[in-house]
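> got a sequence here, can you model it:
(2 chains)
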Amino acid sequence: MRYFISFLSLFWLTCQYPVNQSELPDTQKFLVIDGEVTEDFVRVNVSYSLDRVTSNGAYTLPKPPTVNAVILDGTGLRYPLKNTVGVRDTAFKAKVGITYQLVVEFNGLRYESTKEVLRPCPELDSLIVEYNRESFRTIDDIFYDGFDVSAEAKDLAGVENYYQWHWLNYARASSCNKVFSRAEGREVLLPCNPPDCWNITENQKIVVQSDKLRDGKPLNQLVVRVPYATPPNKYYLRVEQRSISPLVFNYLKSLETQTENVGTLFDIPAQTRFNPNVINVKDPTEKLLGVFSVYSYRRKVVYIDMLQKIPNAESKVIIDPTPFSADPFAVSPCTEETYRTKIKPQGWIN
Amino acid sequence: MILSRYLFKFLLFLSFLSFTFRSEAQQAQQVCYLNAKVTDAQTGDPIENAILKVDGLDTYMSTDSAGGIKMGVKCGEHMIHFYVPGYKPFYLKYAIEQPKRGERRNDKPLPVHMESIINQLEEVVVTSQSNIRTLESPALGVSIMNLKAVQKLPPAAGELDVLRSLQSLPGVSSVGEGANGINIRGGSVDQNLIFLDHMPIFNPTHLLGLFSLFPTDGIRELQLYKGSIPARYGGRTAGVLDVRLAEPSMDKFNLKGGIGLISNRFHIEVPLIEDKMALLSSSRFSFNDYLIKIYNNVLFESIGGKRLPDNKPVFYDLANKLNWRLSVKDNISVVSYISHDSYRIDSLFSIAGIVPKQADMRYGHNNFSIRWNHFFSPMLNFNLLGVQSDYRTKTNSQQPKTGFDFETKLIYQNLKAEVTYAPNKLNRINMGVTLTRLKLNPATLLPTKGSSISLVNLQQENGLEAAAFIADEYELSPKWLVELGLRAVRFWNVGPTQLPVFEEGSPKAVSTITDILAIRGVESAYNRLEPRLAIRYKINALTSFKAGYNRMNQFLHMISNNSTPLPNVRWKTTNRYVAPAQSDLISIGMFKDTRTHQWEGSMEMYYRWQRSIFDYLNGAELSINPEVETQLLKGKGKAYGLELMINKKKGIMTGWMSYTYARSFQKILGDYPSIQQLNNGRWYPSIIDKPHTLNALFNFQTEKHNAVSLTFTYSTGRPYTAPVSFYKTGVKYFPIFTDRNNGRISDYHRLDFSWVIINPSMKKRRWEGSWIVTIYNLYGRKNAFSYFFNPELALFKPFKVSVFPSPIFSLTYNFKFE
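Residues are numbered from 1 along each chain as shown, chains lettered A, B, ... in the order given. Below you'll find the predicted structure:
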């Protein structure tokens, strides 16, 4: 049970402050094996946890190991992975009801996941968008005026189901870089090249739910609160509903507990669930991080109309005041990144 | 027929005659009764355990909780002597006579007003027991604090706070400011038995832990047992806090109260029938949430601050006590106590994954007790007590489609018969039997209208605890005094209940359940013996050495893995999977007084072993889990410490200083250490392990109308779980935690100031007012309650939560009407 106790601010009392000096225990290094298998892609990321994190936040990013990775399915198919640094391989297509296993080998060690079955995902029936003002927030909070987006679906009855919701927002990128212009003697923004370029924002919070308390009943899950903001006129949101396994659910739930809603009097002591379904075959006691998640999903796109008549709604989003470069030829390439793309998003309306 | 009627009347006449002659014969023996009531001369509060000695008699007797005493003595003039540690002895030549023929028997007790040494020596602060009692009694680790002492401590936000006051004593701590409950000598908060006039309190705080819930004006004294725990107490393994309400005045109307920023107080004592029946009502209520509206609507813009969330916080507590003196031998006391909290929790709150934006939380106690006190003889006193304590919580979310009501309930019913027998001045025996019934509704989740959530009703838990106890305080010689006690307990966990059966050789988990047992009768039963021992050796008139040993068992457990428990925390009775927690405590101590009684000092050392304590699995789900046993990991604990205290009781400057070195560790192996052990099976510090604590109180009073206090407190920061690294999964970084409690937050220190202006008019009036100006956290230290990591806020740097990060100024007006 977790709480965010904002009522304490009633007394002008409870506050959060960064700690300047603190003693941290010696850094320990762990292998991270993350994998995703879905109906239209596979993604594997093998890396290490951060090295030498100090109390002032300095750290070293370790080089990922070079590994051989393969997906084995229940039908005997063996799919070697070309990439193990977290890039999606869309050539791979998983099927509902089939089991999948991840095998990673390097340095003479072999890591195997348990065999995970691709569970069917119920349709994402609708996305409900509701404007409201959260008067319990302070007036300068960007979420003071906002839209709650909830997913509605029908739980599959008779079996234990576990769900995860993930969202992506695409917004046309007005600029692709900010540079200092010697000619103009100031910082300027550079338009994207090509101009059809989108910035991507995705959810930082883990949204998971089990059907324990609602077997076979309609699911209604708040996925995200979108701040009221103009521009844009229309806010593009793509919501993905995933049907995950109980192991993955528990793992994600523990991650959620670790970082969200912390900083109250009622924090649950911090704890890490190590990888629940991947082991070192030679040494099963080795602590690994990450999880191998096999899931099917359903997606829906919704546009939130920011121009609808909402009395007294105020946008709290601050727009970057930096001017665009006066040079009409000064542009910045729109490169493919996790936060930017030139591929037109699914269901995009100009 | 007519004859038989005459015969009946004749027999009736004979029996009347025989009764009359017997009374006459008794009078001929010239036995009279001394009937007295002993009270504090200044406060009017009755004094319990005042010892009466009458010249020429070898019998001693002590007063009851209402300060009353009745002793049979030879009629005539006597020198009577009342003796109470901490008070000036009371001597009086008094003629005790039978009422003359035709006169009505006068049951009005002799008023004995005793002058406290404290008052006699001007403003002396009492933080623990008075000097004499400390030296004489064999008990160790016992602190008695009266309301006056509580009032000396600068309160946070102007609220006098019992639990915060106790934390100024050595061996008493909490997880941090605003934490719910106190920790005694390395015990968790649920290991303390807290009573308000014999009624147990399951959540001792208002506003999620910010203020304790005792109606301060109605309190006579606080008795805190952290070492020698008398055999009459049982059911918890760490300590006992017995908060006693004042006795209502039988002859005087009293009214007092106070108006503060957080709450207002009202206390009234009304004699209903003079010297027969009186009522006390003491309340505290906080309906000051309108201040938030005033601030938000009027003030915040001019101040330039932020709007405050309107959480509608309301709380109140109300204690009523009716004392009825049936006769000189019988006294009946009826007490009721209600506490209530209500507020809205914003934003995130989740129960089994349901996350409403706002939830309304209400909780409180509804307690009742009745006590009959009877004096059989000058040597024998009998008490019969019936108690019901009902603690309920309700959390409501009106969120569309996922709205719910979440309810918990804990009912405690107790019947206790107790006898105190003092055959002679060297020997005092206390014994009794007690029967307790526990009824728990751990959780009920009810969907609101239109909600898609299913109804969940965890099965009720029932426990029955029967105990018999005996304790004998025996003075072997003027130097040696021993108190031997024994408590025998049997606990039954009873059905109807359904209990999972787990696969043999496997850890308890949902996946290892092989069967469900339906049990109607006794599910499990435990027998426990709890020896208690306290020894005093008087080295000289001013120095004594003591040693003690206690064994305690606990059959009711709080199931919480939060830093500090929430009001709607789950409780659990012992069953076949959750063994009773057990604790053994040994302690030794040296107590020293000075000839002038100006200074006293004490030194105590203790070592405590705990068995069958538990911690929780990583990511444990506790609130709505029908198989909560699967989330618990069994282990053991140990705590040890040294407590030093020096107390100055006289003079313009009074006060005390205490230093505590205390450690608290636990070792959690679980049933299957290879896969369940925490911290690799090593001992690790518990969340309340704070090695060094220093408390100091300085009180300055040069004249009657002004008193200034300064309080300083320092303690080592408590442990927290620090990450050993961070890793990225998806687009986000997460901290990695391995061992629990492997880091320590920054040290805590704070200085408070208080200025009490007593009766500023300086005239003796029936209505007297006083002002209390306090500044809590004078130099505004941002003490950490906890550390946490959130890479979203800052990469890999800790943040701290501070509860009272700036100085808090408060002003309280108190009034008194007599």
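> going along the chain, name the helices of the chain.
This is for chain A. Using DSSP state H, the helices found in chain A span residues A:246-259.
> looking at chain B here, not the other one
Secondary structure of chain B (DSSP H): helices located at B:2-28, B:117-120, B:131-136, B:147-152, B:162-166, B:290-294, B:300-303, B:673-676.
> buried ones in the last one?
Pointing back at helix B:673-676 there. Across helix B:673-676, burial judged by 16 or more other Cβ atoms under 10 Å in any protein chain shown covers residue B:676. In short, each C-beta sits where N, CA and C put it, glycine included.
> does chain A sit close to that helix?
No. Against chain A, helix B:673-676 shows no contacts by Cβ under 8 Å from any Cβ of the partner chain, the least distance being 9.0 Å.
> give me the contacts around that helix.
The contact list for helix B:673-676, computed with Cβ atoms under 8 Å, 6 or more residues apart in numbering or on different chains, reads B:507, B:633, B:668-670, B:681.
> next, count neighbours for the closest residue in space to residue A:155 that isn't next to it in sequence.
Leaving aside its chain neighbours, residue A:155 sits nearest to residue A:211 (4.5 Å; criterion: Cβ to Cβ, 6 or more residues apart in numbering or on different chains). By other Cβ atoms under 10 Å in any protein chain shown, 20 other residues sit near residue A:211.
> who's in contact with residue A:211?
The contact partners of residue A:211, by Cβ under 8 Å, 6+ apart, come to A:155-156, A:160-163, A:217, A:219.
> hang on, the earlier thing: flag the least confident of the contacts of helix B:673-676.
Among these, residue B:507 carries the lowest pLDDT, at 90.
> ok, and what's touching stretch B:35-47?
With Cβ under 8 Å, 6+ apart, stretch B:35-47 has contacts from B:50, B:52, B:63, B:65-70, B:80, B:82, B:84, B:87, B:90, B:107-116, B:119, B:148, B:220, B:246-247, B:249-250, B:252, B:254, B:328.
> now do the buried residues in it.
Residues of stretch B:35-47 classed as buried by neighbour count (16+ other Cβ under 10 Å): B:35-41, B:44-47.
> and that stretch, end to end?
One end of stretch B:35-47 to the other measures 15 Å (Cα to Cα, to the nearest Å).
> circling back to that earlier point, show the buried residues in the contacts of helix B:673-676.
Taking 16+ other Cβ under 10 Å as the criterion, what is buried in the contacts of helix B:673-676 is B:507, B:633, B:668, B:670.
> pull the most distant pair out of the residues you listed.
B:507 and B:668 (13.3 Å; Cβ to Cβ).
> chain A contacts on the stretch 501-650 of chain B?
B:561-564, B:566, B:568, B:618-619, B:622-624.
> repeat that with 10 Å
B:510-511, B:560-566, B:568-570, B:615-625 (Cβ under 10 Å from any Cβ of the partner chain).
> which of the residues you listed are buried? Put it as a ChimeraX command.
This is how ChimeraX selects the buried members of these, with burial counted by 16+ other Cβ under 10 Å:
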select /B:560,561,562,563,564,565,566,568,569,570,615,616,617,618,619,620,621,622,623,624,625
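> out of the residues of the stretch 501-650 of chain B next to chain A, which are inside strands?
Of the positions in those, B:570, B:615-616 sit in strands, assigned by DSSP state E.
> pull the contacting residues for residue A:24.
Neighbouring residues of residue A:24 by Cβ atoms under 10 Å, 6 or more residues apart in numbering or on different chains: A:53-56, B:722-725, B:742-743, B:789, B:796-798.
> confidence score at it?
76.
> got it, and residue A:238?
95.
> please apply the same query to residue A:196.
Listed pLDDT for residue A:196 reads 91.
> show me what contacts the residue nearest to it when sequence neighbours are not counted?
Spatially, and ignoring its direct neighbours in sequence, residue A:196 is nearest to residue A:342 (6.1 Å; Cβ to Cβ, 6+ apart). By Cβ under 10 Å, 6+ apart, the contact list for residue A:342 reads A:173, A:176, A:192-198, A:333-336.
> out of the residues you listed, which are buried?
A:173, A:176, A:192, A:197-198, A:334.
> out of the residues you listed, the closest to chain B would be?
The closest of the buried ones among the contacts of residue A:342 to chain B turns out to be residue A:198 (Cβ to the nearest Cβ; 16.2 Å).
> what is the neighbour count of the nearest residue to residue B:317 once chain neighbours are set aside?
Closest residue to residue B:317 apart from its sequence neighbours, by Cβ to Cβ, 6+ apart: residue B:339 at 4.2 Å. Residue B:339 has 25 neighbours, counted by other Cβ under 10 Å.
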